[in-house]
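Novice: fold the stuff below for me.
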Amino acid sequence: MRPISQQRVAVVIPCYKVTRHIMEVISGIGPECSRIYVVDDCCPEQSGDFVLLNCPDPRVQVLRNTQNMGVGGAVMTGYEAALAESMDIVIKIDGDGQMDPALIPDFIFPIIAGEADYTKGNRFFDLEGIRSMPKSRLFGNAILSFMTKLSAGYWDLFDPTNGYTAIHKDVLQRLPFSKISRRYFFETDMLFRLNTIRAVVVDVPMNAFYGDEVSNLQVSNIVGEFLGKHLRNFCKRIFYNYYLRDMSLASIELPLGLLMIMFGLVFGGYHWLGSVRAGMPTPAGTVMVAGLPLLVGLQFVLAFIAYDIASTPRRVIQRRNKMPTAVHTPE
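Specialist: You can find the predicted model right below:
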């Protein structure tokens, strides 16, 4: 594995209404980065022109989207430019000053060491530090994190909407850019897509800064929208991993467990309502017929979840790509 000095590291900064903070962000990026892509996502403040006029850093290259594509669209514009220039690792940070550029080496090292294909920030490691986080964000991120664990399959990750990330080029080349969500669901959808190619993702502890920046994301407004997308990704992931790509005992446990739980609820509910209307207690046998499938079905579902947790990707893609190929000699 090449040391950091030999890695070509790029930074992608999506820009939309961040002219007050973008210069400070760029100036904080260290010499370990050889290219900085500032993506003007059809910004009404003309962020691209602002950077060109005020930033003398020769590493900076301004990219422009002719229409607003959201944070995901802006980041993928930067990803495409990084791949075109054969960058080894691509960092994504926001231009609003909430992410400390000094932490970039912390995101790079697990990838260089061959421990991760993709790293992302987690603001919840330091229990003292999260006191500065607005309570609405704290509660919203807890809900979104649980939904992401189910839909993406990375049970050991938290803070899914955190946009401070780093990715290896071998992983980036495998991602279906055209299918990844373009807007606020981008970071979460990335995790789902990474799981489908069995990439290793690692959380990196970090602190967030909350100054005078104005966030365009209101967690309370997106939980409902995210719920439907998480359900879609969950169904896709289960189909890909447990029925299309492979089959195991867990492939039987989940549908059987859900069917037994549904039967127990419907059968028990029907007879309970009948007993209430008749003013008579429900027979013990009926209770057992309803309760036993519920308990057994719950055990099956819990067994599936335990298997799913144990199946979190552990072998990095970049190592797989560097494995020597076997040479076949004629017999």
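
Novice: contacts and neighbour counts: CA atoms only from here.
Specialist: Noted.

Novice: give me every residue that touches D246.
Specialist: Shown in contact with D246 (C-alpha atoms under 8 Å, 6 or more residues apart in numbering): Y240.

Novice: so it, which of the three states?
Specialist: Recorded secondary structure, D246: coil (DSSP: H, G, I helix; E, B strand; the rest coil).

Novice: what are the phi and psi angles of it?
Specialist: Dihedral pair for D246: phi -160, psi 160, per degrees, to the nearest 10.

Novice: check the gap between it and D106 for me.
Specialist: The spacing between D246 and D106, counted by C-alpha to C-alpha, to the nearest Å, is 35 Å.

Novice: I'd say A142 and P160 touch.
Specialist: No - counting by C-alpha atoms under 8 Å, A142 does not reach P160; the two are 9.2 Å apart.

Novice: more crowded one of these two?
Specialist: Set side by side, A142 and P160 show more neighbours around P160, with 27 against 15, by other C-alpha atoms under 10 Å.

Novice: make sure the more buried one is indeed in a helix.
Specialist: No - going by three-state DSSP, the assignment for P160 is coil, not a helix.

Novice: so how far is K17 from it?
Specialist: P160 sits 23 Å away from K17, going by C-alpha to C-alpha.

Novice: so for G140, what's the pLDDT?
Specialist: At G140, the model reports a pLDDT of 73.

Novice: which regions of the stretch 151-300 of the chain sit below the pLDDT cut-off?
Specialist: Residues of the stretch 151-300 of the chain that meet the criterion pLDDT under 70 lie in 208-224.

Novice: apply 90 and report the result again.
Specialist: When residues are selected by pLDDT under 90, those of the stretch 151-300 of the chain lie in 158-163, 178, 181-185, 206-228, 245-246, 271-272, 274-287.

Novice: what ranges do the helices span in it?
Specialist: 169-172, 186-196, 219-239, 249-278, 284-310 (DSSP state H, counting those that start in this stretch).

Novice: tell me the buried residues in stretch 187-205?
Specialist: For stretch 187-205, burial by neighbour count (16 or more other C-alpha atoms under 10 Å) applies to 187-196, 198-204.

Novice: how is this protein divided into domains?
Specialist: What automatic domain parsing lists as the domains of the chain is 4-242, 248-319.

Novice: most tightly surrounded among these?
Specialist: domain 4-242 (a mean of 18; mean count of other C-alpha atoms under 10 Å).
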